[in-house]
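*Asks:* sequence unknown, structure follows:
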């Protein structure tokens, strides 16, 4: 049943006071001991069960009643005024005090550029993410990559953030966590650790038409993962993105 405005509630109270079971004195104050659903003086009071609706067009009745064919009748527990189910996610009717289901359980319930946080969908721009490099697989048989002890440096908006442990080729760092601000650019620079001097190998990031690094696309953050081939290089990569409950420290 729709919520009613204070004006309508006051009207119902006034209707109730004018239809009490007792008599009234000259000042209009009630002297009856109780309020009944029917008055011998005025008949059936508007808004009460079995009585006419306060406004037939708007269908206004007391709480728990619905205006049906101009008469206030008990609202069915299993349906709303428009006939649609009102059960909550726990199977409890709204009229019985049930809690409506949250807007989302997972990001799948949200738009492609949103994530689900504490039951609410929100733009990925509003959150931080834990990023893990599950795989980076260049052509390890090639002389350029063979026998490499790979590691990467992580940059946000061009600023250095952290260095990963080393990994043999192909690279994998499933336990190394990167905290990512979704409003900033994301870049990984891969290096080969060498006793004669580390050698730069490859830079990975999402790029715009000007070949500049950009933030991780919201659709990938929404998906929670990204696996594809790099361009250029044609190297396989796999990353995961996990929503954080707070900013990076």
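*Replies:* Yep, that arrived. The structure presented is a predicted model; accordingly, all values stated were derived computationally and were not measured.
*Asks:* For the protein, which segments count as strands?
*Replies:* Assigned by DSSP state E, the strands in the chain fall at 65-68, 71-74, 114-117, 120-123, 128-137, 149-156, 159-163, 167-168, 171-181, 186-192, 199-204, 225-229, 236-243.
*Asks:* how about those in a markdown table, adding distance to residue 52?
*Replies:* Using the backbone N, CA and C atoms, a C-beta is placed for each residue, glycine as well. Output for those, formatted as a markdown table (distance: least, CB to CB, whole Å):
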| stretch | distance to residue 52 |
| --- | --- |
| strand 65-68 | 9 |
| strand 71-74 | 6 |
| strand 114-117 | 47 |
| strand 120-123 | 43 |
| strand 128-137 | 59 |
| strand 149-156 | 68 |
| strand 159-163 | 71 |
| strand 167-168 | 79 |
| strand 171-181 | 62 |
| strand 186-192 | 66 |
| strand 199-204 | 73 |
| strand 225-229 | 61 |
| strand 236-243 | 54 |
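*Asks:* Among those, which comes closest to residue 213?
*Replies:* Counting by CB to CB, residue 213 lies closest to strand 186-192 out of the strands of the chain; the figure is 4.8 Å.
*Asks:* ok, that closest one: who's next to it in the sheet?
*Replies:* Strand 186-192 has the following strand partners under DSSP bridges: strand 149-156 (antiparallel), strand 199-204 (antiparallel).
*Asks:* can you list contacts of the longest one?
*Replies:* Identification of contacts with strand 149-156 by CB atoms under 8 Å, 6 or more residues apart in numbering yields 133, 136, 160-169, 171, 173, 178, 180-181, 184-194, 201.
*Asks:* and if you look at the last one?
*Replies:* If you take CB under 8 Å, 6+ apart as the criterion, strand 199-204 is touched by 136, 138, 144-145, 148, 150, 187-192, 230, 233, 235, 237.
*Asks:* from those residues, which would you call buried?
*Replies:* Using 16 or more other CB atoms under 10 Å as the burial test, the contacts of strand 199-204 include 136, 138, 145, 148, 150, 187-192, 230, 235, 237 as buried.
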